[in-house]
Each structure stands twice: as structure tokens, then as C-alpha cells.
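# Starting from these lines, generate the structure:
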Amino acid sequence: MIQSFKSKASEDIFNGKATKAARKICPQNLWGIASRKLDQLDSATTLDELQVPPGNRLEAL
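As a prediction, the model looks like this:
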């Protein structure tokens with residue numbers, strides 16, 4: 001479902017690249033969580049798939 005990234009740093013985290021921009025935007029100890037969330041976004045085909053778990057606090061933009 002991910003069609004594009006707003007920043008190169010987010011794309012680098014998604015691809016597992018430890019670039020300077022990626023380290024600046026997100027501490028490395030949170031990369032596992034960020035990567036998992038980005039994988040969830042990428043694998044979803046509909047918005048309804050992202051409503052579980054409720055902790056995701058999904059809001060349509």
C-alpha cells in the first residue's frame with residue numbers, strides 16, 4: 001500500500017539502510033518498531049486492515 005515516501009530517511013528505514021538521514025529522524029533503538037509499522041502499512045491492501053489493533057489510532061486523512 002505504500003506508494004511513496006515523504007522523506008528519504010523514512011524510505012531508508014523501510015529498506016533497512018542505516019544512513020545519516022535515517023539515524024537523524026529515528027533513533028536506532030526504535031528502528032525495529034518503525035520497520036514493523038512500515039511493513040504493516042506496505043502489506044495492507046485496504047484501510048480496514050489497518051484498524052487492528054485499536055492502538056494504531058487510524059484516522060483517514
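
# For the residue lying closest to residue 1 once chain neighbours are set aside, grab the count of nearby residues.
Leaving aside its chain neighbours, residue 1 sits nearest to residue 44 (4.7 Å; criterion: Cβ to Cβ, 6 or more residues apart in numbering). For glycine as for every other residue, the C-beta is placed from the backbone atoms N, C-alpha and C. When neighbours are counted by other Cβ atoms under 10 Å, residue 44 registers 14.

# What score does residue 44 have for pLDDT?
Note for residue 44: predicted pLDDT of 90.

# Next, the buried residues of the longest helix belonging to the chain.
Identified as the longest helix of the chain according to DSSP state H is helix 31-43. Along helix 31-43, these residues count as buried under the neighbour rule (16 or more other Cβ atoms under 10 Å): 34, 38.

# returning to that earlier point: pretty sure the residue nearest to residue 1 is touching residue 51, no?
No. Counting by Cβ atoms under 8 Å, residue 51 is not a contact partner of residue 44; they are 9.9 Å apart.

# Could you name every residue contacting both of those two?
The contact sets of residue 44 and residue 51 do not overlap (Cβ atoms under 8 Å, 6 or more residues apart in numbering).

# hang on, the earlier thing: can you tell me how far the residue nearest to residue 1 is from residue 36?
Using Cβ to Cβ, to the nearest Å, residue 44 is found at 13 Å from residue 36.

# Need the pLDDT of the most far-flung residue of the chain relative to its centre.
For the chain, the largest distance from the centre (Cα atoms, centre = their mean) belongs to residue 20, which lies 17.6 Å off. On pLDDT, residue 20 comes in at 94.

# Next, it: phi, psi?
Per-residue torsions, residue 20: phi -60, psi -40 (degrees, to the nearest 10).

# Name the nearest residue to the residue nearest the centre of the chain, sequence neighbours excluded.
Centroid check for the chain by Cα atoms, centre = their mean gives residue 38 as the closest residue, at 2.6 Å. Residue nearest to residue 38 in three dimensions, not counting chain neighbours: residue 14, with 4.6 Å by Cβ to Cβ, 6+ apart.
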